[in-house]
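Q: Next comes the sequence, and after it the predicted model I'd like to discuss.
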Amino acid sequence: MDRIRIVGGRRLNGTIPISGAKNATLPLMIASLLTDETLILDNVPRLADVGLLEQILGNHGVDIMVSGKRAGETADHGQTLHISAASIVDTTAPYELVSKMRASFWVLAPLLARMGTARVSLPGGCAIGTRPVDLLIMAMQQLGAEVDIDGGYVVARAPHGLRGGGIVFPKVTVGGTHTAIMAASLARGTTVIDNAAREPEIADVAECLNKMGARIAGAGTSRIVIEGVIKLHGARHAVLPDRIETGTYAMAVAMAGGDIVLQNARPELLQAAIDVLGQAAVSVTPTNQGIRVARNGGSLAPVEVTTAPFPEFPTDLQAQLMALMTRAHGTSHIVETVFENRFMHVQELARLGARIQLDGERATIEGVAQLKGAPVMATDLRASVSLIIAGLAAEGETIVNRVYHLDRGFERLEDKLGRCGAAIERLSG
Ligand code: UD1
């Protein structure tokens, strides 16, 4: 299993290219199941989760072709995928595949909408809490599906097709909103989704679906209205930049010190995080290339942050912010309201000398003058990158084990940081 070795204390200077968003790419790839024509996706990041989803879609009969590099393109350019679900050969998504990546459960919606039936394994446990799918099932039922649980599988049927309906989510759910939109796009009549997730990735997927012939209005707000259509067609769409990768590298620079341009980043996708960095005395300025982040010499100020659905501070940046605040001049508080049990990084940060106390969903972080390198273990995607951030500022050597979590969501991380002056390398095997 690969590990990453970091020697802390180097400042970061230069440019970091921001990749296409993982959390838009996955539902966009899944949306290809809604049409028998080809969906072309540009700016797709090279991530383990994308490869895994290619495998899962392949199992349903989807063909995926990756375009070769064009002249002048480097590894900084995203991939182009040509995805064709001309015929769906299997409407079952098996446990062996779905259990590896939760978002693959979302195939339920397009399979049901297009084929009238789907059998998808329940995703099972996950390192960041229980993460149920009850609201996704409720949404399918509101659109007329009959749903049973059988042998660990969700079996959904709509032999005469789905019909539009009203869906009111009692809790904001990204996956629930994606699946409701996809299913409603091919349902008969109008669907109104209330308390929809407003994440930018929802709007990006809806924009692509509209290019495919869907009639979706209001994506990006909490009320989305969808007029169902009989058929969707092929389209071409470029994935929006990854706001979580952007925020992660912004915090890495804030931690290590230095001056970096995050190329292709879009500030409006992470305004809450930019505001928090401002409160921490980090300089963040939009440029015509992206976002410039700098900290030169000054100390970090502590912050009070509560995670919540977009446009609030994202749970996917909570671990990274906590790593940063371990070096603040004073005491910070971070409250995690989106997921239970999303604090596994705390014990690992403590191994580097961080002082963090947990009380339910609230963490109190007392800044320390210095972290000290140590071997640590990554437990999930965002937790693992928080250990990298801590390692950038820790004295001596930090080894982050179980790097496969990082590879699920960060493209060439050691390369991007290494080119800006970090002492970071991958140790294979
Ligand atoms: C997505 C993101 C993930 C991010 C999360 C919250 C992708 C691929 N993943 O995950 O990176 O951390 O949004 O921003 O986009 N819930 C229920 N019942 C359900 C569904 C969800 O109770 O049926 C709860 C969850 O347990 C959680 C909350 O709703 O407490 C939000 O989860 P949700 O927005 O659905 O997360 P995901 O879509 O799985």
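A: Sure thing, it's come through. Numbers count the residues shown, from 1 in each chain.
Q: how much space between residue 173 and residue 266?
A: Remark: distance between residue 173 and residue 266 (CB to CB, to the nearest Å) = 24 Å. C-betas here are computed from N, CA, C, even on glycine.
Q: For residue 209, list the residues it contacts.
A: 31, 34, 181-182, 185, 216, 232 (CB atoms under 8 Å, 6 or more residues apart in numbering).
Q: want to throw those into a markdown table with pLDDT?
A: Below are the contacts of residue 209 laid out as a markdown table (pLDDT from 0 to 100):
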| residue | pLDDT |
| --- | --- |
| 31 | 98 |
| 34 | 98 |
| 181 | 98 |
| 182 | 98 |
| 185 | 98 |
| 216 | 98 |
| 232 | 98 |
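Q: which among the residues you listed gets closest to residue 53?
A: residue 31 (11.6 Å; CB to CB).
Q: list the contacts for that closest one?
A: Per CB under 8 Å, 6+ apart, neighbours of residue 31: 39, 110, 182, 205, 208-209, 212.
Q: Below-threshold pLDDT in the chain: ranges please.
A: Residue ranges of the chain with pLDDT under 70: 71, 124-131.
Q: For the residue of it positioned farthest from its centre, give me its contacts.
A: The C-alpha centroid of the chain is most remote from residue 160, which lies 34.4 Å away (CA atoms, centre = their mean). Residue 160 sits next to residue 116 when contact means CB under 8 Å, 6+ apart.
Q: can you narrow the contacts of residue 209 to ones near the ligand?
A: Among the contacts of residue 209, no residue is within reach of the ligand (CB under 6 Å from any ligand atom).
Q: among the residues you listed, which are in helices?
A: 31, 181-182, 185 (DSSP state H).
Q: helix/strand/coil for residue 107?
A: helix (DSSP: H, G, I helix; E, B strand; the rest coil).
Q: show me what contacts it?
A: Contacts of residue 107 (CB under 8 Å, 6+ apart): 30, 33, 56-57, 60, 93, 118, 120.
Q: Could you report the separation of it from the ligand?
A: In this view, residue 107 and the ligand are 13 Å apart by CB to the nearest ligand atom, to the nearest Å.
Q: Residue 10 too?
A: 29 Å.
Q: Likewise for residue 316?
A: Distance from residue 316 to the ligand, by CB to the nearest ligand atom: 5 Å.
Q: Grab the nearest non-local neighbour of that residue.
A: Leaving aside its chain neighbours, residue 316 sits nearest to residue 244 (4.6 Å; criterion: CB to CB, 6 or more residues apart in numbering).
Q: Am I right that the one you found is in contact with residue 314?
A: Yes. Using CB atoms under 8 Å, residue 244 makes contact with residue 314 at a distance of 6.7 Å.
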